[in-house]
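J.: show me the folded form of this:
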Amino acid sequence: MTSSLVLASASPFRRMLLENAGIAFRHRSADIDERAIDARLEAEGAAPEDVALELAKEKARDVARHFPGAVVIGSDQTMSLGARVYHKPKDMPEAHAHLASLSGKTHQLNSAIALCRDGEMLWQHLSSARLTVRPLTNDFITYHLARVGEKALSSVGAYQLEGEGIQLFEKIDGDYFTILGLPMLPLLAKLRELDVIHG
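T.: Take a look at the predicted model:
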């Protein structure tokens, strides 16, 4: 094995996925202004998928500066419904509005990964999943948010599929790891190919 591995993320979910897979890694948050990059790309007409990929690359590049020789995993996820791109809700009323707008509709989650070493982009990957929310009443949304509390503010869709958020859905097309924000199977395959993890 030739390189150490660093995850450019503060996300406990992404760390958990790598830890559960038995991968040895360090982690550090990227010091970038995600919303400014996001706003610039959206103003340029970038698709939600492209926004996720660009943010993943920016995170990987930023953290790679601090770890010479290491392979750095940058990742990002965007969520879209038609032309609308969602961001994490600022408060519970906004979380309620998010869920109300998703009711009875199919939205898309786009999860991007970028691998960088010493400023060189080694690989990039994008996976998408389509999720259909069942029709929700305002009463149920209020009840659901009261149960999950502030956790609703930690994800872009105001739900955690791995928890009580599963009750919001009637259909899911896509990979579970893509939905959680780190497409593990293509990532692990590439890390084996790069001789970063045992093959």
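
J.: just checking, what packs against the lengthiest helix in the chain?
T.: Using DSSP state H to define each element, the chain has its longest helix at helix 48-64. For helix 48-64, the helices and strands in contact under the criterion 3 or more Cβ pairs under 8 Å, 6 or more residues apart in numbering; DSSP states H and E are strand 5-8, helix 34-43, strand 71-81, strand 106-117, strand 120-133. Just so you know, the C-beta spots here come from the backbone N, C-alpha and C atoms, and that holds for glycine as well.

J.: so how far is the shortest one off the chain centroid?
T.: I take that to be strand 5-8. Strand 5-8 sits 15 Å away from the centroid of its parent chain (Cα atoms, centre = their mean, to the nearest Å).

J.: looking at the helices and strands packed on helix 48-64, which has the lowest confidence?
T.: Note on the helices and strands packed on helix 48-64: lowest mean pLDDT is at helix 34-43, with a mean of 90.

J.: can you check what angle separates the longest helix of the chain from strand 120-133?
T.: In terms of direction (axes from the mean of the first three to the mean of the last three Cα atoms, to 10 degrees), helix 48-64 departs from strand 120-133 by 140 degrees.

J.: next one: helix 48-64 to chain centre, how far?
T.: Worked out by Cα atoms, centre = their mean, helix 48-64 lies 11 Å from the chain centre.

J.: can the helices and strands packed on helix 48-64 go into CSV with extra columns for distance to Gly157 and mean neighbour count?
T.: Shown next, in CSV, are the helices and strands packed on helix 48-64 (distance: least, Cβ to Cβ, whole Å; neighbours: other Cβ atoms under 10 Å):
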stretch, distance to Gly157, mean neighbour count
strand 5-8, 22, 24
helix 34-43, 16, 14
strand 71-81, 5, 25
strand 106-117, 7, 23
strand 120-133, 8, 17
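
J.: can I get the ones you listed in a markdown table with distance to Gly165?
T.: A markdown table is the format used below for those (distance: least, Cβ to Cβ, whole Å):
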| stretch | distance to Gly165 |
| --- | --- |
| strand 5-8 | 24 |
| helix 34-43 | 23 |
| strand 71-81 | 13 |
| strand 106-117 | 12 |
| strand 120-133 | 10 |
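
J.: where does Thr178 land in three-state SS?
T.: For Thr178, the assignment made with DSSP: H, G, I helix; E, B strand; the rest coil gives helix.

J.: swap in the one 10 residues further on?
T.: For Leu188, the secondary-structure state derived from three-state DSSP is helix.
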